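[1] Sequence first, predicted model second:
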Amino acid sequence: MRRPSRITDDDYNVSMLGESDFEPVIDAHKSRRDICSYRTQKNKRLELARLCVEKAKLCYCWRNHIRTHYTIFSENADDGGTEIFRVPKPDDKEAFAACNEDLLRWYNDLPNNCKYVSLTCDTDNPEDTTVALNRTILHMTYFAAVATLHRSRYTAMLRDPGASLFEKELSKLSMQNAAMQISDMAAEIHNSGMDIFLPTLGISVLVSAAVIHLLEVKGVIQADRKRAYKGYRRCMSVIESLKDMYVVADLAKDAMEERDLS
């Protein structure tokens, strides 16, 4: 989530993704049908297309924050590796307000079929669990963006003696609520046994929430420590279940445990 785009707005001139972009190409070859098991399931294909469109819109809302706070340096030229660094920036209230407004507008404008529904309720319905899980991932991604945005803002205000106490408290509550929403959804995924279907993006999302919960547990951020620890353990349980699938999950687990001990 923190990797800046390698393509800027000036490099292309295309419209935002739409449902029509997901219409299957008419092809009688069976091999094409085998690639996508639900190619002929119009309703499922449409639901997933809508979720993909909304995720693209969400990423578009988030682009300016990524561009202004993170950069990529190719320091390991020998092995072609790259590293991502956070770029220190002066507190930019206008940029924060614009990004926050874009995120709120995105959330409020979600079509009904993309609005959050408890995964437990969703899987009780005949609707495909693939759609239900992807809807949950979409909302976890949204709350991760909110948590990261307000955490950056809150950290900046801690260094500013003249910062508004109201704005500081608002950002603190916003990031805490976002972290709790993510850990609640993580618990639903874990209890449904759907951890193994999470993409690597899920690890970034879970870490963003776990870090906030850990700060609460340690008393860096005032909160209900018992509830915060429960949220932290929920996130770590899912990360733990993914470590045999993704190397990054194992690295994330080790990094969080180091934070826990420090």
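    Yes, it's here.

[2] can you pull the contacts of the nearest residue to residue 114 once chain neighbours are set aside?
    Distances taken as Cβ to Cβ, 6 or more residues apart in numbering place residue 54 nearest to residue 114, at 5.1 Å, with adjacent residues excluded. C-beta: built from backbone N, CA, C; applies to glycine. Listed by Cβ atoms under 8 Å, 6 or more residues apart in numbering, the contact set of residue 54 reads 106, 110, 111, 114, 138.

[3] Walking through the stretch 1-150 of the chain, point out its strands one by one.
    Ranges of strands in the stretch 1-150 of the chain, per DSSP state E, counting those that start in this stretch, are 70-76, 81-86.

[4] ok, so what distance separates the residue nearest to residue 114 from residue 110?
    Residue 54 is 6 Å from residue 110, where distance means Cβ to Cβ, to the nearest Å.

[5] likewise residue 128?
    Going from residue 128 to residue 110 by Cβ to Cβ gives 19 Å.

[6] what bits of the protein have low per-residue confidence?
    Applying pLDDT under 70 to the chain flags residues 1-12, 25-35, 66-91, 121-127, 261-262.

[7] So which residues of it form helices?
    30-35, 42-69, 93-108, 119-124, 129-158, 165-191, 201-217, 225-242, 247-261 (DSSP state H).

[8] Which one of these lies nearest to residue 23?
    With Cβ to Cβ as the criterion, residue 23 lies closest to helix 42-69 of these, at 8.6 Å.

[9] Go through that closest one and flag the buried ones.
    44-45, 47-55, 57-58, 61-62, 65-66, 69 (16 or more other Cβ atoms under 10 Å).

[10] and the angle for it with helix 93-108?
    Relative orientation of helix 42-69 and helix 93-108, computed by axes from the mean of the first three to the mean of the last three Cα atoms, to 10 degrees: 170 degrees.

[11] I'd like to check the angle between helix 42-69 and helix 201-217, please.
    Going by the same axes, to 10 degrees, helix 42-69 makes 60 degrees with helix 201-217.

[12] Tell me the one among the contacts of residue 54 nearest to residue 191.
    Closest approach to residue 191 among the contacts of residue 54 (Cβ to Cβ): residue 138, at 19.2 Å.

[13] OK, contacts around that closest one?
    51, 54, 55, 58, 114.
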